[in-house]
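Trainee: Got a predicted structure here, sequence first:
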Amino acid sequence: MNEINNPHDAFFKRNFGDIEIAKDFLKNYLPKNVAQAIDLEHIEKENGSYVDEEFQNVQSDLLWKTKINNNEGYIYILFEHKSYKDKKVIFQLLKYMLKIWEEKYDKTKNKIPIIIPIVVYHGETIWNIETNLINLIEGVKDIPEGMKRYIPSYEYEIYDFSPKSKAKIAGEAYTRLVIEVMRSAFEKDKERFYKAFKLMVELTNKMQDKEKADEVFEICLKYLLDTKDDIEIEEMEKVAKEESVERGELIMSIAEKLREEGIKKGIEKGIEKGKLEGEKETLINLLKVKYGKDLTKELEEKIRKASEEKINKLMEKFFEITLDELKEILK
C-alpha cells in the first residue's frame, strides 16, 4: 500500500476511508437508482492503491467492495487534489479501472465485476469537463451506429467541491464537515473562508460522539493549517468562540502543538543537513514561533545565506532580540 505522502492524501484517506463516512457519502450523493442497487450496509475497504506513481502527489484513491445487484461489485473513488481540473483524468481513471479488473478477474467464470467510478475534486476552478469517454471521439455524432461498437465507452460520477461550485453539501454532520473543509482548502476569499469555518464549528458541535468530534476537529484544523498559508489563528479562535468557547480554546491548544512539532521538525531537518545548516533551520523555526507572520520569506532566505558569525550572534541574543535588531544583523 502506498504511503500517505501529503496533507490532501492523508485527509482524504483518513476520512473517506471511514466506513460511516463512505456509507453516508454514497447514500447521499450517488443517483438514487444506483444507490438502491448497492448493498451499503455491507461494504468493506480494499487495501492498496491503483494510482500511477507519477500522479501520487496529486491523486489519491480508495476501493470499496460490496454487492451490486446481488453480485460482487466495487466502488472506486479517485480524489483529485490538484488546484486545477485535468482533462486527461478520464484516461487515468480508465487505466486504474483496468488494473482493478485485471486483479479481480474471475478465471472460473471468465467474468469481471462492475466498478462504479467516482471522482471527488476540490480545486480552484469548477469542474466543467467531459465525463463520458465516447463524447471525446472526434466526429462521434456522424459515426454510423454500426461503427460505434468499436468505441469503448464509460462515464464517471463527478463530485465537485471546489470553492466556486454550487454543489449542495448533504449527509450527516461528520460527512458535511469533511466536505466543507475540503471545499475551503482552496478558498482564496478570506470572508468566505471564515464564514465556512464558522459552519465547520457548528457541524462539529452537532456530532453525537463528542470525543470523536474533538479528534475530527483537530484533524480538520491541522489539514487547513498544512494546506493554507493565509490562515490567522487568532481569527479562527474568535470565530470558533462565537459558537463554542471550548472549541476556540482547542484551536489555540492545537496551534501550539503544531508550533512545537514545527520546531522539532526543524531541529531534525537541521541535524540531517549538518551543523550550520541545522542551526539555521532551527533558528528559522524558533523565530516563526516568536514573530509569526512578521518573519517574512525574505528574512528566512537571509538567515539561510547568513554567515556562521551572524547565526551565532542571533542564537546568543534570541530571547531579547527585537525584529528590528534581527533585520539589522541580517543586513
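Mentor: All right, it came through fine.

Trainee: Count the neighbours of the spatially closest residue to residue 129 that is not a sequence neighbour for me.
Mentor: Once flanking residues are discounted, residue 129 sits nearest to residue 87: 5.1 Å by CB to CB, 6 or more residues apart in numbering. C-beta: built from backbone N, CA, C; applies to glycine. Burial of residue 87, expressed as a neighbour count using other CB atoms under 10 Å, amounts to 10.

Trainee: Give me the distance between residue 87 and residue 54.
Mentor: 17 Å (CB to CB, to the nearest Å).

Trainee: Quick one: list the elements packing against the helix or strand hosting residue 100.
Mentor: Taking DSSP states H and E as the definition, residue 100 sits inside helix 89-104. On a contact count with 3 or more CB pairs under 8 Å, 6 or more residues apart in numbering; DSSP states H and E, helix 89-104 meets strand 59-68, strand 71-80, strand 114-121.

Trainee: In JSON lines: these, plus mean pLDDT and distance to residue 104.
Mentor: Below are the helices and strands packed on helix 89-104 laid out as JSON lines (pLDDT from 0 to 100; distance: least, CB to CB, whole Å):
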{"stretch": "strand 59-68", "mean pLDDT": "97", "distance to residue 104": "9"}
{"stretch": "strand 71-80", "mean pLDDT": "97", "distance to residue 104": "7"}
{"stretch": "strand 114-121", "mean pLDDT": "97", "distance to residue 104": "9"}
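
Trainee: so where's the chain shaky on pLDDT?
Mentor: Low-confidence segments of the chain, defined by pLDDT under 70: 1-5, 257-275.

Trainee: what about 50?
Mentor: Along the chain, segments meeting pLDDT under 50 span 1-5, 263-264, 266-271.

Trainee: Would you map the helices across it?
Mentor: Along the chain, counting by DSSP state H, helices occupy 7-16, 19-29, 32-37, 89-104, 173-184, 190-206, 210-227, 233-243, 245-273, 275-291, 297-305, 308-316, 323-329.

Trainee: Ok, which of those comes nearest residue 135?
Mentor: helix 89-104 (9.7 Å; CB to CB).

Trainee: any chance of the helices and strands packed on helix 89-104 in a markdown table, plus distance to residue 224?
Mentor: Converted to a markdown table, the helices and strands packed on helix 89-104 look like this (distance: least, CB to CB, whole Å):
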| stretch | distance to residue 224 |
| --- | --- |
| strand 59-68 | 17 |
| strand 71-80 | 17 |
| strand 114-121 | 18 |
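
Trainee: Out of those, the one nearest residue 320 is which?
Mentor: Comparing the helices and strands packed on helix 89-104 by CB to CB, strand 59-68 comes nearest, at 46.4 Å.

Trainee: Show me what that closest one is packed against.
Mentor: Judged by 3+ CB pairs under 8 Å, 6+ apart, the packing partners of strand 59-68 are helix 7-16, strand 44-45, strand 71-80, helix 89-104.

Trainee: As CSV, the ones you listed with mean neighbour count and distance to residue 297 would be great.
Mentor: Shown next, in CSV, are the helices and strands packed on strand 59-68 (neighbours: other CB atoms under 10 Å; distance: least, CB to CB, whole Å):
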stretch, mean neighbour count, distance to residue 297
helix 7-16, 20, 20
strand 44-45, 12, 41
strand 71-80, 20, 29
helix 89-104, 16, 33
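
Trainee: For residue 229, which of the ones you listed is the nearest?
Mentor: From these, taking CB to CB, the stretch that ends up closest is helix 7-16, at 12.3 Å.

Trainee: how far away is residue 86 from residue 92?
Mentor: 8 Å.

Trainee: scratch that, residue 53
Mentor: Per CB to CB, residue 53 is found 12 Å from residue 92.

Trainee: got a list of what residue 51 touches?
Mentor: Neighbouring residues of residue 51 by CB atoms under 8 Å, 6 or more residues apart in numbering: 2, 59-61, 78, 96.

Trainee: and if you look at residue 177?
Mentor: Residues near residue 177 by CB under 8 Å, 6+ apart: 200, 203-204, 207, 216, 220.

Trainee: Closest to residue 248 out of these?
Mentor: Of these, the one sitting nearest to residue 248 (CB to CB) turns out to be residue 204, at 11.8 Å.

Trainee: I'd say residue 57 and residue 6 touch.
Mentor: Yes: counting by CB atoms under 8 Å, residue 57 does reach residue 6; the two are 6.1 Å apart.

Trainee: that older thread, what about dumping the CA coordinates of the helix holding residue 100 to PDB?
Mentor: Only the C-alpha atoms of helix 89-104 are listed here, as PDB (Å, rounded to 0.1, in the frame of the first residue of the first chain):
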ATOM      1  CA  VAL A  89      -8.300  12.300 -15.800                       C
ATOM      2  CA  ILE A  90     -10.900  10.300 -17.800                       C
ATOM      3  CA  PHE A  91      -8.000   8.300 -19.300                       C
ATOM      4  CA  GLN A  92      -6.200   7.900 -16.000                       C
ATOM      5  CA  LEU A  93      -9.300   6.700 -14.300                       C
ATOM      6  CA  LEU A  94     -10.000   4.100 -17.000                       C
ATOM      7  CA  LYS A  95      -6.400   2.900 -16.600                       C
ATOM      8  CA  TYR A  96      -6.900   2.400 -12.900                       C
ATOM      9  CA  MET A  97     -10.200   0.600 -13.500                       C
ATOM     10  CA  LEU A  98      -8.300  -1.800 -15.900                       C
ATOM     11  CA  LYS A  99      -5.800  -2.500 -13.200                       C
ATOM     12  CA  ILE A 100      -8.700  -3.400 -10.800                       C
ATOM     13  CA  TRP A 101     -10.300  -5.700 -13.400                       C
ATOM     14  CA  GLU A 102      -7.000  -7.500 -14.100                       C
ATOM     15  CA  GLU A 103      -6.700  -8.100 -10.400                       C
ATOM     16  CA  LYS A 104     -10.400  -9.100  -9.800                       C
END
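
Trainee: Lovely, talk soon.
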